[in-house]
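Engineer: Sequence first, predicted coordinates after that:
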Amino acid sequence: LAGPEYSVFAWPLDALPDLSDQGKIQAPCLICFDLSACRAFAALPFEQTAFLELTPKMLLLEEGAPQTALEEAIDLGISDIIRAPISRTRFNATLRKASEAAALQRDIQNMANEVFIEREMLERKNETLSFLVNFLTEVSDCFDETELLRKSYSSLQHLFPVVTMNAALLTRDD
């Protein structure tokens, strides 16, 4: 039903993948369950399944399933339910919505990462500007060369591993 543009992985209930190593598993765009698999998934520790929290979950419900199964599915976090017999049109519509949601989620994550990087860069620039303002304010108050050098040395030690500082003071005549 998914078509050639999707990769479909099926795991028997007794052989679910090890979800504890999230770095090796790419979050799918949709997870399809029957009710027993959904219960087993919900029973897994949250630490293992947290990275799948936003992944849409679809329940493939048997024909004639009781109303309580629908209520249980909602309680288990199912976002869509398809009753048997499963139509290609309904399944593909759900899969398309899930793919679009996954693409949006990836875009939002990428934008959030870019914002984080920009924020870090702005913080560094702000620290540098703050240092320069403080440095120039402190140094501009001095008219004595010795005091100016002492304050410069003290301020520069905050930025660099300054061990010593040398200066040559020249007059116009020199």
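Structural biologist: Now that the structure is in, tell me what you want to look at.
Engineer: residue farthest from the centroid of this protein?
Structural biologist: Asp173 (63.7 Å; C-alpha atoms, centre = their mean).
Engineer: Three-state assignment for that one, please.
Structural biologist: coil (DSSP: H, G, I helix; E, B strand; the rest coil).
Engineer: Can you check my assumption that Met58 lies in a helix?
Structural biologist: No - counting by three-state DSSP, Met58 is located in no helix; its state is strand.
Engineer: Name the residues linked to it by a beta bridge.
Structural biologist: Cys32, Asp80 (DSSP bridges).
Engineer: next SSE after the lengthiest helix in the chain?
Structural biologist: Taking DSSP state H as the criterion, the chain has its longest helix at helix 88-140. Per DSSP states H and E, helix 88-140 leads on to helix 145-159 as the next helix or strand towards the C-terminus.
Engineer: middle-most residue in the chain, spatially?
Structural biologist: Nearest to the chain centroid, counting by C-alpha atoms, centre = their mean: Gln109, 5.4 Å.
Engineer: Look up how far Glu123 lies from that one.
Structural biologist: Per C-beta to C-beta, to the nearest Å, Gln109 is found 21 Å from Glu123. C-betas here are computed from N, CA, C, even on glycine.
Engineer: ok, now Ile82?
Structural biologist: Applying C-beta to C-beta to Ile82 and Glu123 gives a distance of 48 Å.
Engineer: Name the residue in these two with the higher neighbour count.
Structural biologist: Higher neighbour count among Ile82 and Glu123: Ile82, with 16 against 10, using other C-beta atoms under 10 Å.
Engineer: how about that one, what does it touch?
Structural biologist: By C-beta atoms under 8 Å, 6 or more residues apart in numbering, the contact set of Ile82 is Met58, Leu59, Leu60, Leu61, Arg90, Phe91, Thr94.
Engineer: avg pLDDT for the strand or helix carrying it?
Structural biologist: Taking DSSP H and E as the criterion, Ile82 maps to strand 80-83. The average pLDDT within strand 80-83 is 84.
Engineer: List the buried residues for that strand?
Structural biologist: Asp80, Ile81, Ile82, Arg83 (16 or more other C-beta atoms under 10 Å).
Engineer: What is the nearest of those to Tyr153?
Structural biologist: Asp80 (67.7 Å; C-beta to C-beta).
Engineer: I figured that closest one was touching Leu59, is that so?
Structural biologist: Yes - using C-beta atoms under 8 Å, Asp80 makes contact with Leu59 at a distance of 7.3 Å.
Engineer: what number of residues lie near Glu72?
Structural biologist: 17.
Engineer: That one: what's it in contact with?
Structural biologist: Counting by C-beta under 8 Å, 6+ apart, Glu72 has contacts Leu35.
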